[in-house]
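A.B. asks: have a look; sequence and predicted model below, questions after that.
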Amino acid sequence: MNEEARIEAVGLAMSRNDRYIFTDLNFFLEAGQILQVEGHNGSGKTTMLRILCGLTLPTDGEIRWCGENIRKNLAEFHAQLAYVGHAPGIKDDLTPLENLELARNMDRARPGVSGEEVLERLQLPAFCDDVPCRNLSAGQRRRVALGRLLMLDAQLWVLDEPFTALDPSGRRLVEELLSEHAKAGGMAVMTTHHAVNLDGCPVERLQLGT
Amino acid sequence: MNEEARIEAVGLAMSRNDRYIFTDLNFFLEAGQILQVEGHNGSGKTTMLRILCGLTLPTDGEIRWCGENIRKNLAEFHAQLAYVGHAPGIKDDLTPLENLELARNMDRARPGVSGEEVLERLQLPAFCDDVPCRNLSAGQRRRVALGRLLMLDAQLWVLDEPFTALDPSGRRLVEELLSEHAKAGGMAVMTTHHAVNLDGCPVERLQLGT
Amino acid sequence: MSIIPNWLHRLSSPKNFYRFAGIASNWCGWIALVLIIAGLYYGLVDSPPDYQQGDSARIMYVHVPAAWMSMFVYVVMASSAAVGMIWRIKASSAFANASAPVGAMFTALALLTGMLWGKPMWGTYWVWDARLTSELILLFLYLGYMALNSAIEDRETAARATAILALVGVVNIPIIHYSVEWWNTLHQGATVTKLDKPSIHISMLIPLLLMAFAFKFYYLSNVFRRARCELLEREQGKLWVRELVGGERGE
Amino acid sequence: MSEAKLGVAFFTLLRRDLMLAYRHRAQMMNPLLFFVIVVSLFPLGLDPEPELLHTIAPGVIWVAALLAAMLSLDTMFRSDFEDGSLEQLLLTPHPLPLLVLAKILAHWLVSGLPLLLLAPLLGMLLNLGSEGLFPLLATLLLGTPILSLIGSIGVALTVGLRGGGVLLSLLILPLFIPVLIFAAAAVGNAEAGIDITGQLAFLGSLLAAAFALAPLATAAALRISLN
Amino acid sequence: MSEAKLGVAFFTLLRRDLMLAYRHRAQMMNPLLFFVIVVSLFPLGLDPEPELLHTIAPGVIWVAALLAAMLSLDTMFRSDFEDGSLEQLLLTPHPLPLLVLAKILAHWLVSGLPLLLLAPLLGMLLNLGSEGLFPLLATLLLGTPILSLIGSIGVALTVGLRGGGVLLSLLILPLFIPVLIFAAAAVGNAEAGIDITGQLAFLGSLLAAAFALAPLATAAALRISLN
Ligand code: HEM
Ligand SMILES: Nc1ncnc2c1ncn2[C@@H]1O[C@H](COP(=O)(O)OP(=O)(O)OP(=O)(O)O)[C@@H](O)[C@H]1O
Ligand SMILES: Nc1ncnc2c1ncn2[C@@H]1O[C@H](COP(=O)(O)OP(=O)(O)OP(=O)(O)O)[C@@H](O)[C@H]1O
Ligand SMILES: [Mg+2]
Ligand SMILES: [Mg+2]
């Protein structure tokens, strides 16, 4: 991974219905760092993450990837990005494996990783292999969605409440993934209302809406 | 509230696509008790709660309210019930207040409670009063959905992951509501992957899918 | 449960039904074959040509029984779907599901033979009169039933949803039957099924009835076979199926 | 102890649906505009000879009404299903068929009634004679509620399914056909000076039957779809 | 370091949509059946005289094709929007217009092409003469891709909205009208023995323009809808 990578928010402001949710937000993140965005309900965390990905246009300010506004070269930025939001982003009519293969082929794949390995890592029960995702429980679907992180070769992970619907073993799994990612030089921005415990990795915090 | 109230599951079994999720489940709950259903992802918690409400037909077994199968008199059972599931059950195009009034008029209302009081209790910011719910954040919408518990005069609460998307203050609020409800003789069945801390109220536990 | 007679209840367990259906399917198949041969012989060789329509009238021996079957099967399908829904009898829902494609086939056959017959009689393959149209609707109802059935994943939910659809569609059956009276149409009025006295010659009536029964038995044979397959699939986890499959493998 | 009141619930639900429609006034106009557009497509697709238009007017107006009703049906339960309001409806202590009836009534008021108001104008566009106008209105008045009632069954059956929209059409269009045939024939006959009380009586009895049975079937279908 | 390949992504997306359609074979048949049903509605609503049917055949078939295309459009992005796949599509490193093109192509293969195969049969039912058949097929071949292309813009604009279905019709039906007019006129003319190369050329250039512009517009609309 790129050791020099750096994502930066400069003077970010966002208004919805003529009410500012946040103004003049500045922060940056470098390779190997993890940022947890905190704030009460409605403080603008989801909105901020979507701006960070380039899905939503901020009212003011910009996001810079390696010093350059992401709008300049969105494709290159997206090649570095993996996003798991509130919506799972998986097709209900396909099996978990098909969904993972799909994610791989649509984006920049992590070399040498097979769908089966990822499924194993996600601890889905065996019968799930040939069951369409619509028949999975909330937590099982969440796991499939998180599988995207393992299939893609992305340096920046953006995660919106990744622990939702996961049982304790699932939460531990995500924590492991995060600390491995950070150790390999990746970076991650996430929101969660829960304490995260990544062994050995410091977690930066950003407080919104104080 | 009815001191004699009692809900009981007798020999419950459920199969989905010819695979049994659980079999021969028996438990009961009496006035003033709270039951937390636990289990790993996919162990059948959501399915069980929907059976308990009478939304889903079990493959085998039955639910009894005060000793009588709920199918015998579904209307009377539903008059005692408030359910908050994965889906919020609120209309996105109405304001929070309109949603609460709606819940009240469609069901058995708690006497002497006004929508404004409930909104205050839910700690929604003031500007939310005349904003349609679609413009609220995930946690704010969750709070409106939980408002139903305060508007209705229900003895049995059934809650599927009520803490999802709530910030710490929201979680404390739900815990307060639960312990008040139990002290007043109500009963509640809920699922959550997190530890709950109701001061003074013991919480029964039911483990699924071991 | 007490409403169902005991023997029916026992028969309706998937295992017993599976065995019964196997035997019934074979018997009905043979009976159908014999009746078809007899019917075709009397119909095509032994009966006189129609005094008005000549030899083209012989298509009647396929058209009329097929048209009757298309309606009969729908009623059977709807009733057995309803029974399956109300008492949650898997065998009954499986029977209904198996009926749908057979019924659709008979309907298509009635339409097709009707069209072929229409060309010499009315000078066109198709007219939009009430009977023809309502028969076409019947085909759509069958197709809708199958589409809904395959769109719902959970078998039990699918069975109950399609039962409602089938019951609602029954309205169409009297419309088909009485359409010739309600609207003035090109199509023949009732000739065989008139209550007082059939206005058809006996030498034509016999092969017609033979073919009608042949189609009924063919339907039973076919539907039992399909229902067996569906039951096997739905009960694949059950002990009796595993025993059965294991036994046939010679283990 | 408080009691849940059925009347209050019925009117609350009715008012809620009307209010939601009103909040989306633009969308409320949609079935209407669709109706107008489809009707006006025909003179475009065909040779616009007055004589021909006159002949096909009743059929075209009725087919358009049917398609408009069908398109608007799709929204009847879908949004309630998606946001969980439907579950909550099933969990009230009131008889579901009556609540369903409130929703059907709202649907008709929003999407059926306006067609009635617009029909005279379109009839004029298509050179429909003045003898045909009253029968057209009468058949629409009797027929559009039937469309809402029967349609609700189909929507309830398909509400949880992917691509439900087209499946829905497949299920209910055949059931609408008798209405179409009788209604269009009535208008045509009236123009030709033939008595149409028979056809109107048939539509009326169809309406009565649908009114009695459709809410029950819809309620049962909803329970199944949510299972 | 691995590279994301555009070709792979294009065909993966195309294959995915075809596979999803195939998983729901029954639903794949739906636009077709809808087409058939609508065409058969007309003779019901009208007086079924062969002469009349013959005259209105091209118009009716084209209106039905248009409605069938429109109904099936609704599913083009909706399920992707609801389950978040659309967001993910926007976040791939590939040019969005090309990915959109893959989806449009899949849509046409599933819902436009089958209409072509069915049209001769329906033409026969409506007494369309054999001179009209080839032009009907030619116009459908040129016209249905235009419907998919233009339609995708409308779907992209309305994908996040409630009751989008009807709104969608409203947005795109007017855009479809030129196609309808020219195509139906071409078939009618051909039957009357008039030369139709002009009309076909017009449809062809419309197709070329839609092919070049629609994916760009759709991609831009999607970005806006997801903002
Ligand atoms: C596509 C065209 C046609 C269709 C869809 C059709 C459909 C039907 C149906 C549904 C019935 C059963 C009615 C009932 O039992 O209530 C029937 C019966 C019959 N059809 Fe056709 N028919 C077609 C063409 C014809 C033609 C061209 C003829 C001959 C002129 C014909 C002669 C008859 C006769 C004789 C019966 C028996 C009537 C009775 O006794 O009930 N049909 N047809
Ligand atoms: N509609 C359905 N059809 C078939 N199988 C289903 C359906 N819904 C759920 N299942 C299966 O039933 C099992 C239990 O699902 P359920 O949603 O009840 O789990 P859960 O305990 O709530 O899990 P989670 O903690 O992830 O929410 C899962 O294994 C799932 O695959
Ligand atoms: N589409 C929208 N239109 C108008 N306002 C919106 C929209 N989406 C969100 N908002 C407003 O923006 C604010 C921030 O919303 P956001 O979803 O980013 O909060 P959040 O921090 O993610 O909250 P939560 O913890 O509840 O998920 C909220 O007050 C909400 O009312
Ligand atoms: Mg959020
Ligand atoms: Mg769950």
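C.D. replies: Perfect, thanks for sending it. Ligands and ions are numbered 1, 2, ... in the order given.

A.B. asks: how near is D:Pro95 to ligand 2?
C.D. replies: Going from D:Pro95 to ligand 2 by C-beta to the nearest ligand atom, to the nearest Å gives 27 Å. Quick note: C-beta positions are derived from backbone N, CA and C, even for glycine.

A.B. asks: so who does that residue touch?
C.D. replies: When contacts are counted by C-beta atoms under 8 Å, 6 or more residues apart in numbering or on different chains, D:Pro95 touches B:75, D:6, D:219.

A.B. asks: look up phi and psi at it.
C.D. replies: phi -60, psi 120 (degrees, to the nearest 10).

A.B. asks: distance of it from C:Val245?
C.D. replies: Computed as C-beta to C-beta, to the nearest Å, the D:Pro95 to C:Val245 distance reads 47 Å.

A.B. asks: re earlier: with secondary structure, pLDDT and neighbour count as added columns, please give the contacts of D:Pro95 in CSV.
C.D. replies: Converted to CSV, these look like this (DSSP: H, G, I helix; E, B strand; the rest coil; pLDDT from 0 to 100; neighbours: other C-beta atoms under 10 Å in any protein chain shown):
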residue, secondary structure, pLDDT, neighbour count
B:Ala75, helix, 91, 13
D:Leu6, helix, 89, 15
D:Ala219, helix, 95, 22
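
A.B. asks: which one of these is nearest D:Ile104?
C.D. replies: Nearest to D:Ile104 among the contacts of D:Pro95 is D:Ala219, at 10.9 Å by C-beta to C-beta.

A.B. asks: wait, isn't the closest one in contact with D:Ala102?
C.D. replies: No: counting by C-beta atoms under 8 Å, D:Ala219 does not reach D:Ala102; the two are 11.8 Å apart.

A.B. asks: setting aside sequence neighbours, what's the nearest residue to A:Leu57?
C.D. replies: E:Asn227 (6.1 Å; C-beta to C-beta, 6 or more residues apart in numbering or on different chains).

A.B. asks: what residues are up against the one you found?
C.D. replies: E:Asn227 makes contact with A:55-57, according to C-beta under 8 Å, 6+ apart.

A.B. asks: report the contact partners of residue 138.
C.D. replies: If you meant another chain, say so; for now it's chain A. A:165, B:41, B:46, B:86, B:161.

A.B. asks: nope, chain D please
C.D. replies: Contacts of D:Ala138 by C-beta under 8 Å, 6+ apart are D:186, D:200.

A.B. asks: from the contact counts, what lies against the helix or strand where D:Leu18 lies?
C.D. replies: Secondary structure here is read from DSSP states H and E; on that basis D:Leu18 sits in helix D:6-23. Helix D:6-23 sits against helix B:96-106, helix D:25-45, helix D:96-107, with contacts defined as 3 or more C-beta pairs under 8 Å, 6 or more residues apart in numbering or on different chains; DSSP states H and E.

A.B. asks: could you tell me the angle between the last one and helix D:6-23?
C.D. replies: If I follow you right, that is helix D:96-107. Interaxial angle of helix D:96-107 relative to helix D:6-23 (axes from the mean of the first three to the mean of the last three C-alpha atoms, to 10 degrees): 30 degrees.

A.B. asks: who touches helix D:96-107?
C.D. replies: With contact meaning C-beta under 8 Å, 6+ apart, helix D:96-107 is reached by D:6, D:9-11, D:13-14, D:17-18, D:21, D:72-73, D:76-77, D:89-90, D:92, D:148-149, D:152, D:156, D:214-216, D:218-219, D:222-223.

A.B. asks: select only the buried ones of these in PyMOL?
C.D. replies: To isolate the buried ones among the contacts of helix D:96-107 in PyMOL, judged by 16 or more other C-beta atoms under 10 Å in any protein chain shown, type:
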select buried, chain D and resi 9+10+13+14+17+21+72+73+76+77+89+90+92+148+149+152+156+214+215+216+218+219+222+223
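
A.B. asks: will you turn the helices and strands packed on helix D:6-23 into CSV that also has mean pLDDT and mean neighbour count?
C.D. replies: Output for the helices and strands packed on helix D:6-23, formatted as CSV (pLDDT from 0 to 100; neighbours: other C-beta atoms under 10 Å in any protein chain shown):
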stretch, mean pLDDT, mean neighbour count
helix B:96-106, 92, 23
helix D:25-45, 71, 20
helix D:96-107, 95, 22
